[in-house]
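**Q** starting from these lines, generate the structure:
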Amino acid sequence: MNSEKLTGRNFWETYWETDTGKKKNKRPSLTVMEILKAFDRHLPDEKRLTALEIGGAKGEYLLYLVKRFGYEGHSLDYSSAGNEQTVETFSKAGYNVQVYERDLFADNSDLPLFDMVFSLGFIEHFDDPAPVVESHLKLVKPGGILLLGVPNYSGIYKLVLKRLAPSMFITHNLEIMDIETWSEFEKKLNLEILYRAYIGGFEPLNMKKLENKNLLNRLIYFKIQVLTVLFSFRCRGLRKYNSAFISSYLIGIYRKST
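**A** Numbering: from 1, shown residues only. Alright, predicted model coming up:
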């Protein structure tokens, strides 16, 4: 693989080891709900299809697919702490999952091919998405489904995050958050586009990060908290408007050539 990782194994082990699970009982964000709607509208409703999530910790999206469609759940992640959380997620829900603790870019020729392979919040952690997407595609059956999702930290969000959370840009490739750039790997890999769009509308939660806690930044952060409440309850209708500048998420669903 010729794409440089913007994060490494130590980053993700620390991330999952320090995850407190405080959000487990909270309602899903409206962006998450829009992602699930895209699943419902554009994925095949066929039981026992095999679905593999890349960077699968902690398995909540995969569990939704298993419960909603009756898919057979598989997860690939190189974080042992993250994989433990995936197993816990499925165990608590009473479902089975097959977890592969390995690197996507290692020799995975011993793995089976899957009816569907997906990642949400993965490919933006590399400077070049094409070889990363190709590594996903190698695990998809001919004629199978590839699904990619990426949060949008560019547009209006970049203007705020550059001040409140500048270190975020070290671990994220903002160029990939322009969905028009996806055409490069789509053409290279001969992907049939089934659905590709900005979704989620304006989401203040994308900016709810605070590293430098000076007075001005705390004031900005407080205003973001107010906006979060407004757009969660009173301004939800505005979320139907989507563009590169304001949308909170990007998603693409493809069919692999036969």
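**Q** show me what the residue most central in space within the chain is bridged to.
**A** Geometric centre of the chain, nearest residue: Leu120, 1.9 Å, by Cα atoms, centre = their mean. Leu120 has the following beta-bridge partners by DSSP bridges: Gly149.
**Q** how close does it get to Lys209?
**A** 19 Å (Cβ to Cβ, to the nearest Å). (Each C-beta comes from the backbone N, C-alpha and C, glycine too.)
**Q** re the thing from before, list the contacts for the residue nearest to the centre of the chain?
**A** Ile35, Glu53, Gly55, Tyr61, Leu147, Leu148, Gly149, Val150 (Cβ atoms under 8 Å, 6 or more residues apart in numbering).
**Q** which of those residues lies closest to Val229?
**A** Nearest to Val229, judged by Cβ to Cβ, of these is Ile35 at 21.3 Å.
**Q** quick one: contacts of the host helix or strand of the closest one?
**A** Ile35 is part of helix 30-42 when elements are defined by DSSP states H and E. Residues from elsewhere that reach helix 30-42 (Cβ under 8 Å, 6+ apart): 28, 61, 64-65, 68, 120, 149, 194-195, 197, 199-201, 203, 205-206, 231-232, 236, 239, 248-249, 251, 253.
**Q** same deal with stretch 156-173?
**A** By Cβ under 8 Å, 6+ apart, stretch 156-173 touches 6-7, 11, 124-127, 129, 153, 174, 202, 206-207, 209-212, 217, 220-221, 224, 245-246, 248.
**Q** ends of it, how far apart?
**A** 16 Å (Cα to Cα, to the nearest Å).
**Q** and for the nearest residue to Arg236 once chain neighbours are set aside, the neighbour number?
**A** Computed as Cβ to Cβ, 6 or more residues apart in numbering, the closest residue to Arg236 that is not its neighbour in sequence is Leu30, at 6.9 Å. For Leu30, the count of nearby residues is 17 (other Cβ atoms under 10 Å).
**Q** look up how far Gly201 lies from Leu30.
**A** For Leu30 relative to Gly201 (Cβ to Cβ), the value is 8 Å.
**Q** any common contacting residues for these two?
**A** Shared contacts of Leu30 and Gly201, counting by Cβ under 8 Å, 6+ apart, come down to Phe231, Arg239.
**Q** my guess is Leu205 contacts Pro151, does it?
**A** No - using Cβ atoms under 8 Å, Leu205 is not in contact with Pro151, being 9.9 Å away.
**Q** tell me, what's touching these two both at once?
**A** The contact sets of Leu205 and Pro151 overlap at Ser248 (Cβ under 8 Å, 6+ apart).
**Q** shaky segments in this structure?
**A** Along the chain, the model assigns pLDDT under 70 to residues 1-28.
**Q** how about the strands in it?
**A** 50-54, 72-76, 98-100, 114-120, 140-151, 192-202, 247-255 (DSSP state E).
**Q** need those strands in a markdown table (columns: distance to Thr86).
**A** Putting the strands of the chain into a markdown table (distance: least, Cβ to Cβ, whole Å) gives the following:
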| stretch | distance to Thr86 |
| --- | --- |
| strand 50-54 | 9 |
| strand 72-76 | 5 |
| strand 98-100 | 6 |
| strand 114-120 | 14 |
| strand 140-151 | 17 |
| strand 192-202 | 24 |
| strand 247-255 | 21 |
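**Q** name the nearest residue to Gly55, ignoring sequence neighbours.
**A** Gly55's closest residue in space is Phe122 (Cβ to Cβ, 6+ apart), at 4.2 Å.
**Q** state the phi and psi torsions of that neighbour.
**A** phi -130, psi -50 (degrees, to the nearest 10).
**Q** mind listing what it touches?
**A** Applying Cβ under 8 Å, 6+ apart, the residues near Phe122 are Ile54, Gly55, Val132, Leu148.
**Q** quick one: the helix holding Ile35 to strand 114-120, angle?
**A** Orientation of helix 30-42 against strand 114-120 (axes from the mean of the first three to the mean of the last three Cα atoms, to 10 degrees) gives an angle of 160 degrees.
**Q** can you give me the buried ones in helix 30-42?
**A** For helix 30-42, a neighbour-count test (16 or more other Cβ atoms under 10 Å) marks Leu30, Thr31, Val32, Glu34, Ile35, Ala38, Phe39 as buried.
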